[in-house]
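# here is my input; please provide its structure:
(one chain, ligands or ions: 2)
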Amino acid sequence: MRPVFTGIPGAPAAPGVAVVVDVMRAFTVAAWAFRRGAERIVFARTLREALALKARHPDWLACQDGAPMPGFDLVNSPARLRALDLRGRTVVQKTTAGTAGALAVADAGLLLCASFAVAGATAGALRRVRAQTVTFVVTGDGGRAEEDRACAQYIAERVRTDDVDAGPYLARARRSTAAARLADGVRRGWAGVDPEDVAVCLETDTFPSAMAATREDGHLVLRPWAPPERPASSV
Ligand SMILES: O=C(O)[C@H](CS(=O)(=O)O)OP(=O)(O)O
Ligand SMILES: [Mg+2]
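Ligands and ions are numbered 1, 2, ... in the order given. Take a look at the predicted model:
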C-alpha cells in the first residue's frame, strides 16, 4: 500500500480510497456513538443544515462541536457520549474538521473515517481490500495536526503489520496542540469539553469495526463497515 498524506485543502475530490482522520474529537465520538448503539451518522455541512435535518426528523440527535447550542442534543465529546444509550438512533454530526474532511472527499471510491478507536479495524479493512494507494486526509490544522498525522501514520504502518507499538504515535497525539487546547478548555470550564476527552481519544481499538461513509438519499452517511471476506480485486 502506498500512503499519501494530505490536509483537507489539498485533498483530491474523488480518491480511490480515502481515510479521513480526526482523533480529537469527531471520529472518536463517531466510534463511541456506534459502540453505544447508534445506527448511523449523517454528516451535515453547516449548523443550519444540521438543525434542518433535526427539524425534519425530530427523533434524530444533532451533535456539534464547541459549546452546547440551542436545538442540538449532543456536544462533540466522546467522554460524554460514551455514557449514553444510543441504540437505533441516527446522529447528525457537524464539526469543524472531521465531518468537513469527510465531505471534502465524499466522492472517494471507498471512504473510511478513522481515529485511534478504530485504527486496527481500519488497517484490517485496508489490508482486506488490498488497497494500492490510500489518501489519508489529516483533517486538523490544514493537514499539520500532529494527533491526526500520528494516527494516519500508525494506521498505514498497521496495514503492513499488526506488530506495531502504538506508544510513540499516542505520545505524539498526547503532546499535540489539539490535546493542549482541550486541556485548556477544561481549565477554563468550556461547557463542550469533558476532562476525560483527551484520554478517551488516546485509547486504541475500542471499537471493532471500520467506519465507512457512503451517499444515501443525498446525504453522506457513516456506518460501521467490514469489507467482504474475499474482494474480487484490489482497489
Ligand atoms: O470538537 C473538536 O474537538 C474540534 C473543534 S476544533 O476543530 O478544535 O475547533 O472539531 P473536530 O472536527 O472534531 O476536530
Ligand atoms: Mg480534530
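# got the contact list for residue 5?
For residue 5, the contacting residues are 136, 138, 143, 149, 152, 153, by C-beta atoms under 8 Å, 6 or more residues apart in numbering. Yep, even glycine has a C-beta here, placed from its N, CA and C like the rest.
# secondary structure element for it?
Counting by DSSP states H and E, the secondary-structure element that holds residue 5 is strand 2-6.
# now do the helix or strand just after that strand against strand 2-6, angle only.
Following strand 2-6 in sequence order, the next helix or strand is strand 17-21 (DSSP H and E). Taking axes from the mean of the first three to the mean of the last three C-alpha atoms, to 10 degrees, strand 17-21 and strand 2-6 form an angle of 50 degrees between their directions.
# got the angle between the helix or strand just after strand 17-21 and strand 17-21?
For strand 17-21, the following helix or strand on the C-terminal side (DSSP H and E) is helix 26-35. What separates the directions of helix 26-35 and strand 17-21 is an angle of 100 degrees, with the same axes, to 10 degrees.
# kindly export helix 26-35 (C-alpha atoms) in CSV.
C-alpha atoms of helix 26-35 as CSV (Å, rounded to 0.1, in the frame of the first residue of the first chain):
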residue,chain,number,x,y,z
ALA,A,26,-15.1,13.8,15.7
PHE,A,27,-14.2,10.3,14.8
THR,A,28,-13.6,9.2,18.3
VAL,A,29,-17.1,10.5,19.0
ALA,A,30,-18.3,8.5,16.0
ALA,A,31,-16.7,5.3,17.1
TRP,A,32,-18.3,5.7,20.6
ALA,A,33,-21.7,6.6,19.1
PHE,A,34,-21.6,3.2,17.3
ARG,A,35,-20.3,1.4,20.3
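# let me know whether it sits next to ligand 1.
Yes. Applying C-beta under 6 Å from any ligand atom, one finds helix 26-35 in contact with ligand 1 at residue 26.
# now swap in stretch 219-228 and tell me
No. Contact between stretch 219-228 and ligand 1 is absent, the nearest approach being 13.4 Å (criterion: C-beta under 6 Å from any ligand atom).
# list the buried residues in that stretch.
By neighbour count, and taking 16 or more other C-beta atoms under 10 Å as the criterion, the buried residues in stretch 219-228 are 219, 220, 221, 222, 223, 224, 225, 227.
# off-centre distance for it?
Once both centres are worked out by C-alpha atoms, centre = their mean, to the nearest Å, stretch 219-228 turns out to sit 12 Å from its chain's centre.
# how about stretch 126-146?
Its chain's C-alpha centre lies 12 Å from the corresponding centre of stretch 126-146 when counted by C-alpha atoms, centre = their mean.
# likewise stretch 109-129?
Going by C-alpha atoms, centre = their mean, the spacing between the C-alpha centre of stretch 109-129 and its chain's C-alpha centre is 11 Å.
# repeat that for stretch 192-204.
What separates the centre of stretch 192-204 from the centre of its chain is 14 Å, taken as C-alpha atoms, centre = their mean.
# extract the C-alpha trace of it and format it as CSV.
Extracted C-alpha coordinates of stretch 192-204, given in CSV (Å, rounded to 0.1, in the frame of the first residue of the first chain):
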residue,chain,number,x,y,z
GLY,A,192,-18.4,21.5,25.4
VAL,A,193,-15.2,19.8,26.7
ASP,A,194,-15.1,16.9,29.2
PRO,A,195,-12.0,16.4,31.4
GLU,A,196,-11.8,12.8,30.1
ASP,A,197,-12.0,13.7,26.4
VAL,A,198,-8.2,13.6,25.6
ALA,A,199,-7.8,10.3,27.5
VAL,A,200,-10.7,8.7,25.6
CYS,A,201,-9.2,9.9,22.3
LEU,A,202,-5.9,8.2,23.1
GLU,A,203,-7.5,4.8,23.6
THR,A,204,-6.7,2.4,20.7
